[in-house]
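Student: Sequence and computational prediction follow.
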Amino acid sequence: MRASRLLLPTLRDDPADAVAASHRLLVRAGYVRQVGSGLWSFMPLGYRTLTRTMQVIREEMDAIGCQELLMPVLHPEDLWRQTGRNAIPELFKLQDRKGSELVLAMTHEETIALHAAAEIRSYRDLPQCWYQFQTKERDEPRPQGGLLRTREFIMKDAYSLDRDPEGLQASYDAQAGAYRRIFERLGLRFYEVESDVGMMGGSAAMEYMAPSPAGEDRIALSEDGSYAANVELAVSRASVPDFGPSEPIREIETPGITTIEQLAAYVGRDPRLTAKSVIVVPEDDRGGIVLALVRGDHRAHDLKLARAIGAPFRPATPEEIRATFGAEPGSIGAVGLKEGQVREVIVDPVLTEGAYLTGANRTDWHLHGAEFGRDFTGRVVDIRHVEEGELSVETGSPLRIEPAIEVGNIFQLGTRYAEALGATYLDESGTEQLIWMGSYGIGPARTVAAIAEQCHDDAGLVWPPTVAPYDVWITPIGEAALAAADAMDAELAEQGLSVVVDDRDLSPGVRFADADLIGVPLRITIGKRLEKDGVVTIRRRGVEGDQDLAPVDAAAAVLRDARGIA
RNA sequence: CGGGACGUGGCGCAGCCUGGUAGCGCACGCGCUUUGGGAGCGCGGGGUCGUCAGUUCGAAUCUGACCGUCCCGACCA
């Protein structure tokens, strides 16, 4: 293919609003263009990379017996009412001309359960695995980072249907294997981590996380490799301070002290001997204030706390705190609360050992020596944010925390959707049973962006061969070189390689710079060495000092053999 | 939702404070020269300055509303 016939809208300058490397480079190299906030077009170059990525995913899905299908994006809202997920704020809603209520699908569990309910009759029909590549629509509060968080995106979503939990486990394990093969083939560095089940509901879940500074997620990894989890549910061993002997609880005056740092400094104690009060208002219909306690040097994790409460929440305002506790913020604690004063007290398990400095619910006073069980109580739930350097629970290996991009996830959903939509089968005894479901997603566009985050240098993209838009990029310099390049293109194309001959009437420097930016892995330059010695230059993008000279007649064979191209 | 920044040819920007007929670089078209790492010269095309309203003899510039885009926050008690 001649470059003069291709759309290659490369930009010399970085787009002004791009922050993430993938955003900057994919726009500059002409792969994608923005249509609106969180809305992107894949230009021809980008679409080649996207389709190659999708093809790898398709092959691995097919390899585990998953069958491809296609479901609509536009759904009757009623379908989503049946699972209650029509209340999710990210769900786009609209009406048709008759006023019928419709939604734009953000995922397809409901649809799958609908079809399972209608088509699956007998245990003989199970197990099944269905998947599609289909557009998802999500009304994100804040699209971000180019392709990293968008409002519309294609998802590969697969769904397994099994007769029992054992069958679901087997389907889930097969998907996990396929996912590892997919991301390995795509040349992505990734971690498989335990994850929260989130809005899907269900029992077990894992995420596939590509480490990148642009990632919105944080994952906790043990140095010995035995533990990997999203910080949303990661656990660790906290350090243990020296508590000293148990003492009776007593009030101490702490004028103007409202933060843990001030408190620890004022009384000259380790912050680990203080307890921090997190006061929040759940956003559900029950009302009331929840008081959560973590150790002074610890942080509560938002999502862990929301899970413990069973609802999203917002921080309580100073007025709400004063009204509830009769004291200023900064002096609040769980000791001496009256029945019904707060909706609930949640205590991090770390605080069940030892005695702590805590708020006295009296402005400018704190309590010394408060012990769980003796002086205060509450529901014990892990709500603590794990910290870098803490030890893994099982092996004691130190943890580090890395930012990462979630490129895929797998969920054991159980029977939630089957129940809601009546997806059942008859077992051998003729008894009606619920179908056990799993769901398995990959975002191909986000995966492409994650690869771009990991695979680039100062000059541009450096694609792994599996996802590069083309296999070989030839830069001919001069008339004779162009003929040789076309001949080489024909020969390589016959071997199944896709080739671009950059015949554009631009200076060599500009064409080299574009080739670097676009990031095709194999490069052939044909120029003055052709006339002088009859050789061409073969290089590999992104490999320092990599350069071979090959006779023009043998270049195609040399390139194929030396580079191990399949 | 809260806060901040920015909207001027395709891209990156200046002009705005101090109102007076819109400019630079790149890209683009034509011609000549040039051709192994972002070439040179010459000529040329392209912008109702985000939208609407207001102030004014006159608005890219001042005022207001709206729209759009990006970033931070919505943990740090």
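Tutor: Received it, and whenever you're ready, just let me know what you need.
Student: and the nearest residue to A:S37 once chain neighbours are set aside, how many neighbours?
Tutor: Computed as Cβ to Cβ, 6 or more residues apart in numbering, the closest residue to A:S37 that is not its neighbour in sequence is A:P143, at 5.1 Å. C-betas here are computed from N, CA, C, even on glycine. Around A:P143 there are 20 other residues, counting by other Cβ atoms under 10 Å.
Student: for A:A485, same thing?
Tutor: For A:A485, the tally of surrounding residues (other Cβ under 10 Å) stands at 27.
Student: returning to what we had before: pLDDT value on the residue nearest to A:S37, please?
Tutor: We have a pLDDT of 92 for A:P143.
Student: ditto for A:V73
Tutor: pLDDT recorded at A:V73 is 96.
Student: follow-up on the earlier one: please report how far the residue nearest to A:S37 lies from A:G36.
Tutor: In this view, A:P143 and A:G36 are 9 Å apart by Cβ to Cβ, to the nearest Å.
Student: helices and strands of chain A: which one bottoms out on pLDDT?
Tutor: helix A:555-563 (a mean of 76; mean pLDDT, DSSP states H and E).
Student: And that helix, what's buried?
Tutor: In terms of neighbour count (16 or more other Cβ atoms under 10 Å), helix A:555-563 has its buried residues at A:A555, A:A556, A:V558, A:L559, A:R560.
Student: quick check, nearest of those residues to RNA strand B?
Tutor: Nearest to RNA strand B among the buried residues of helix A:555-563 is A:A555, at 11.5 Å by Cβ to the nearest atom of the strand.
Student: Hmm, A:I538 and the closest one touching each other?
Tutor: Yes: with contact defined as Cβ atoms under 8 Å, A:A555 counts as touching A:I538 (6.6 Å).
Student: Find the residues that touch each one of these two.
Tutor: A:I524 (Cβ atoms under 8 Å, 6 or more residues apart in numbering).
Student: Enumerate every residue touching the closest residue to A:E247 other than its chain neighbours.
Tutor: Computed as Cβ to Cβ, 6+ apart, the closest residue to A:E247 that is not its neighbour in sequence is A:G369, at 4.5 Å. Going by Cβ under 8 Å, 6+ apart, A:G369 touches A:S246, A:E247, A:P248, A:I249, A:R250, A:A355, A:Y356, A:L357, A:D375.
Student: thinking again about what came up before, okay, the buried residues of helix A:555-563 in CSV with distance to RNA strand B next?
Tutor: As requested, these are exported to CSV (distance: Cβ to the nearest atom of the strand, whole Å):
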residue, distance to RNA strand B
A:A555, 11
A:A556, 16
A:V558, 15
A:L559, 15
A:R560, 20
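Student: average model confidence for the strand or helix carrying A:Y440?
Tutor: Element membership of A:Y440, judged by DSSP states H and E, is strand A:436-442. The pLDDT scores in strand A:436-442 average 96.
Student: same thing with stretch A:42-62?
Tutor: Here the average pLDDT along stretch A:42-62 is 97.
Student: residues from the stretch 101-250 of chain A in reach of RNA strand B?
Tutor: A:P141, A:R142, A:P143, A:Q144, A:G145 (Cβ under 7 Å from any atom of the strand).
Student: Any of those residues buried? List them.
Tutor: Buried among these by 16+ other Cβ under 10 Å: A:P143, A:Q144, A:G145.
Student: Now render those residues as CSV, adding secondary structure.
Tutor: Output for these, formatted as CSV (DSSP: H, G, I helix; E, B strand; the rest coil):
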residue, secondary structure
A:P143, coil
A:Q144, strand
A:G145, coil
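Student: show me the residues around the residue in chain A that RNA strand B sits nearest to that make contact.
Tutor: Distance from RNA strand B to each residue of chain A (Cβ to the nearest atom of the strand) is smallest for A:G527, at 2.0 Å. Neighbouring residues of A:G527 by Cβ under 8 Å, 6+ apart: A:T475, A:P476, A:I477, A:G478, A:A481, A:P508, A:T537.
Student: Inside strands: which ones of those?
Tutor: Among the contacts of A:G527, DSSP state E puts A:T475, A:P476, A:T537 in strands.
Student: contacts with RNA strand B among those residues, please.
Tutor: Counting by Cβ under 7 Å from any atom of the strand, the members of these near RNA strand B are A:T537.
Student: partners of the top strand by length along chain A, with directions?
Tutor: For chain A, the longest strand by residue count, based on DSSP E, is strand A:399-414. Strand A:399-414 has these partner strands in its sheet, going by DSSP bridges: strand A:205-211 (antiparallel), strand A:217-222 (antiparallel), strand A:436-442 (antiparallel).
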